[in-house]
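1. starting from these lines, generate the structure:
(one chain, ligands or ions: 1)
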Amino acid sequence: MNDILQRLIETLESRKGAAADSSYVAKLYAKGDDAILKKVIEEAGEVLLAAKDGDNAHLVYEVADLWFHTMVLLAHKGLSSDDILNELARREGVSGITEKASRK
Ligand SMILES: N=c1c2ncn([C@@H]3O[C@H](COP(=O)(O)OP(=O)(O)OP(=O)(O)O)[C@@H](O)[C@H]3O)c2ncn1[C@@H]1O[C@H](COP(=O)(O)O)[C@@H](O)[C@H]1O
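-> You can find the predicted model right below:
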């Protein structure tokens, strides 16, 4: 896996024992599922707006925010990007998935 993803996974794990007021991620963990999910939805909305304003640098910035918050959600649930990469790998060559996607 990409080094930055691996380092971020480790940082997200290390925040689990941290005091809520010591960092942004520790605060989100302390607030719980609903607060994390609210950030994911909020960032997804910002991705939508950025995709429509034609500024690709803005889009990259907002997708990074969305990606980061989904990683916080996964970590909070005891999962990580490894689980997503494994799922994507599993789909490679699975009959029906690409067929279904091409119908959209
Ligand atoms: N990659 C990120 C990252 N991307 C975005 N953000 C934060 O996500 C928030 C984005 O939400 P908004 O744009 O709505 O800004 P906001 O108004 O400050 O957010 P809210 O307080 O309203 O939730 C901002 O506070 C950003 O600082 C991040 N915060 C942390 N990281 C990584 O996580 C690591 C651990 O962070 P801490 O727990 O803060 O040490 C850091 O070293 C970074 O590598």
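
2. contacts only, for the residue nearest to residue 15 when sequence neighbours are not counted.
-> In space, residue 15 comes closest to residue 25 once its chain neighbours are excluded; the distance is 4.2 Å by Cβ to Cβ, 6 or more residues apart in numbering. For glycine as for every other residue, the C-beta is placed from the backbone atoms N, C-alpha and C. Contacts for residue 25 (Cβ atoms under 8 Å, 6 or more residues apart in numbering) come out as 11, 12, 15, 18, 72.

3. please apply the same query to residue 26.
-> 15, 18, 19, 20.

4. how many other residues sit next to the first one?
-> Read that as residue 15. Residue 15: 22 surrounding residues under other Cβ atoms under 10 Å.

5. can you select the buried ones from the contacts of residue 26 in ChimeraX?
-> To isolate the buried ones among the contacts of residue 26 in ChimeraX, judged by 16 or more other Cβ atoms under 10 Å, type:
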select :15
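
6. give me phi/psi at the residue most central in space within the chain?
-> Nearest to the geometric centre of the chain sits residue 70, at 2.3 Å (Cα atoms, centre = their mean). Backbone torsions of residue 70, given as degrees, to the nearest 10, read phi -70, psi -30.

7. measure it to the ligand for me?
-> Distance, residue 70 to the ligand, using Cβ to the nearest ligand atom, to the nearest Å: 11 Å.

8. hmm, residue 40 and that residue touching each other?
-> Yes - counting by Cβ atoms under 8 Å, residue 70 does reach residue 40; the two are 5.9 Å apart.

9. neighbouring contacts of stretch 59-72?
-> 8-9, 12, 25, 28-29, 36, 39-40, 43-44, 46-47, 49-51, 80-81.

10. what mean pLDDT does that stretch get?
-> Mean pLDDT, stretch 59-72: 98.

11. which bits of the chain sit near the ligand?
-> Within the chain, the positions near the ligand by Cβ under 6 Å from any ligand atom are 8, 11, 15, 23, 24, 25, 26, 39, 65, 68.

12. so which strand or helix has the closest residue to the second one other than its chain neighbours?
-> Distance criterion Cβ to Cβ, 6+ apart; nearest residue to residue 11, sequence neighbours excluded, is residue 25 at 7.5 Å. Mapping residue 25 onto the secondary structure by DSSP states H and E places it in helix 24-31.
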